[in-house]
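**Student:** here you go, sequence then predicted model.
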Amino acid sequence: QVQLVESGGGLVQAGGSLRLSCAASGRTFSSYNMGWFRQAPGKEREFVAAISRSVTTYYDITYYADSVKGRFTISRDNAKSALYLQMNSLKPEDTAVYYCAARYSGTYRDSRSYNYWGQGTQVTVSS
């Protein structure tokens, strides 16, 4: 089991940057595939980014939603049991509660594949 705690959210002007962090408890963080999702008011939770370990090369593979590709970067530090989301060139439409999540397997885009979730951190981008 793993517990996840997000931080780093806040209020930023359009064009600005934020770096979200997700601290994980437990000794098996490196074995999980991780993801970031977001949920805006009145909308469903949507996939933002994911990072998975290749079973053949053992390097991380990253995935992004089209809406954030080129602006957001997901990364992890297994030694610190931490997941990050660097968000640049933020837009008002990026305003949402951002969640980190961990999964054993399944589809990286599907929130139903994720077994553990953090409580979320609010990101607000003003125009």
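**Tutor:** Alright, I've got the coordinates. Numbering: from 1, shown residues only.
**Student:** gap between the closest residue to residue 15 other than its chain neighbours and residue 66?
**Tutor:** Spatial nearest neighbour of residue 15, excluding adjacent residues (Cβ to Cβ, 6 or more residues apart in numbering): residue 89 at 6.1 Å. Every C-beta, even on glycine, is put in place using the N, C-alpha and C of the backbone. Between residue 89 and residue 66 the distance is 15 Å, computed by Cβ to Cβ, to the nearest Å.
**Student:** report the central residue of the chain.
**Tutor:** residue 36 (2.2 Å; Cα atoms, centre = their mean).
**Student:** next up, the contacts around that one.
**Tutor:** Residue 36 sits next to 20, 22, 48, 49, 50, 74, 83, 85, 98, 99, 100, 101 when contact means Cβ atoms under 8 Å, 6 or more residues apart in numbering.
**Student:** just the closest of the residues you listed to residue 119, please.
**Tutor:** Taking Cβ to Cβ as the measure, residue 119 lies nearest residue 99 of these, at 7.9 Å.
**Student:** identify the bridge partners of that closest one.
**Tutor:** Applying DSSP bridges to residue 99 gives these bridge partners: residue 37.
**Student:** then residue 85?
**Tutor:** Residue 85 has these beta-bridge partners by DSSP bridges: residue 20, residue 74.
**Student:** then residue 47?
**Tutor:** Note on residue 47: beta-bridge partners residue 37, judged by DSSP bridges.
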